[in-house]
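Q: Could you look at this predicted model? Sequence included:
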Amino acid sequence: MTILFGLVAALGLLPWLAGLLRLRPGPAAIDARHLAVSTTLCALAFSLTFFIQELGLVLPKALVPGLAPILYHNDHDWTGDAPVAELLQGGGAAATLVSGLAFLWLAGRIAPQRPAWRLFAFWMAFQGLFQSLSQCAVGSLIAGNDVGRALAWLGAGPVAKAALLLLAVAAMTVAGRALARRYPLGGGDRPTARHLLGVLMLAVILIIPFRIPREPVEVVLIPLVVHIVGLGWLTLGLAALRRAPAAPVAAPALAAPVAALLALLGAFQLILRPGVAF
């Protein structure tokens, strides 16, 4: 746990502080409706991306003779035995990376007249990229996570793991800048960074019902790690761009994001929680 906390401090808090210091001051006003809509869409994107991750873990195993995977709302499991199952633990990070890149492309192509879809695509890109890259960074140092297990199967040594960590950090830098260019609200100022901080921390609360019942560390720590790391590089990306403040944008309606979040929660708890066998 000490290694994880140190990694979060180095890859999340330090970039956030560096970016915050470089951002220019601005008005302190917070638009409550923007905050509510963005928080809801962020929580929705986290849970959808986590589902994509679990599909990336389950579907490859379903193709392996002798393995019978089961998909749950907050995890997966399998019966049977095949050595390649450990390698396939890296499939979740690969799936979320592909999802993040796809939505990053999409976020730059949705018209401003569709603000809710632009914001949703932005948060799907954020979650896909940083759920994947944070897993790679953690897996380079902690053998027990999914990427770490895949690396162990591959026989990766200290040099390969160090290279993966450096590659993950470089990719986070690029991801933060790319996301900053596509963020549809605010500009390169400190109020924007504070708004993002509020969104990402409040979204953790909304994510909790999607992940229970499970150990408290698993319920809260995973979204918190992803959000702190992602926030750091996104803030640094905003500071690097030094983008002018964006023109005021009307906040999207809150009803549709809330309805989508509740519908997904129902699917998680009523359909996936008992387990779906493949």
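A: Everything's here; your move. Numbering: from 1, shown residues only.
Q: wouldn't Ile207 be in contact with Phe46 here?
A: Yes: between Ile207 and Phe46 a contact is recorded at 5.3 Å, counting by C-beta atoms under 8 Å. Backbone N, C-alpha and C define where each C-beta goes, glycine included.
Q: Please enumerate the shared neighbours of the two.
A: Pro223 (C-beta atoms under 8 Å, 6 or more residues apart in numbering).
Q: Just want to know which of those two has more residues nearby.
A: Counted by other C-beta atoms under 10 Å, Ile207 and Phe46 do not tie: Phe46 has more neighbours, with 27 against 24.
Q: can you pull the pLDDT of that one?
A: In this model, Phe46 is scored at 98, pLDDT.
Q: For it, pull up the helix or strand it's in.
A: helix 32-62 (DSSP states H and E).
Q: other SSEs contacting that helix?
A: strand 68-71, strand 76-79, helix 91-107, helix 115-139, helix 190-211, helix 255-267 (3 or more C-beta pairs under 8 Å, 6 or more residues apart in numbering; DSSP states H and E).
Q: Which residue comes closest to Asp31 once chain neighbours are left out?
A: With sequence-adjacent residues excluded and distances taken as C-beta to C-beta, 6 or more residues apart in numbering, Asp31 is closest to Ala251, at 6.4 Å.
Q: Might you report the residue contacts of the one you found?
A: Counted by C-beta under 8 Å, 6+ apart, Ala251 has contacts Asp31, Arg33, His34, Val37, Pro115.
Q: Tell me the one among those residues nearest to Asn145.
A: Val37 (32.3 Å; C-beta to C-beta).
Q: my read: that closest one touches Pro252, true?
A: Yes: counting by C-beta under 8 Å, Val37 touches Pro252, with 5.2 Å between them.
Q: So which of those two has more stuff around it?
A: Using other C-beta under 10 Å, the more surrounded residue of Val37 and Pro252 is Val37, with 25 against 22.
Q: So, low pLDDT: which residues of this protein?
A: Residue ranges of the chain with pLDDT under 70: 28-30, 242-249.
Q: show me what contacts the one residue sitting closest to the centre of the chain?
A: Nearest residue to the geometric centre of the chain (C-alpha atoms, centre = their mean): Gln127, 2.6 Å. Listed by C-beta under 8 Å, 6+ apart, the contact set of Gln127 reads Cys42, Ala45, Phe46, Leu48, Thr49, Thr96, Gly100, Val226, Gly230.
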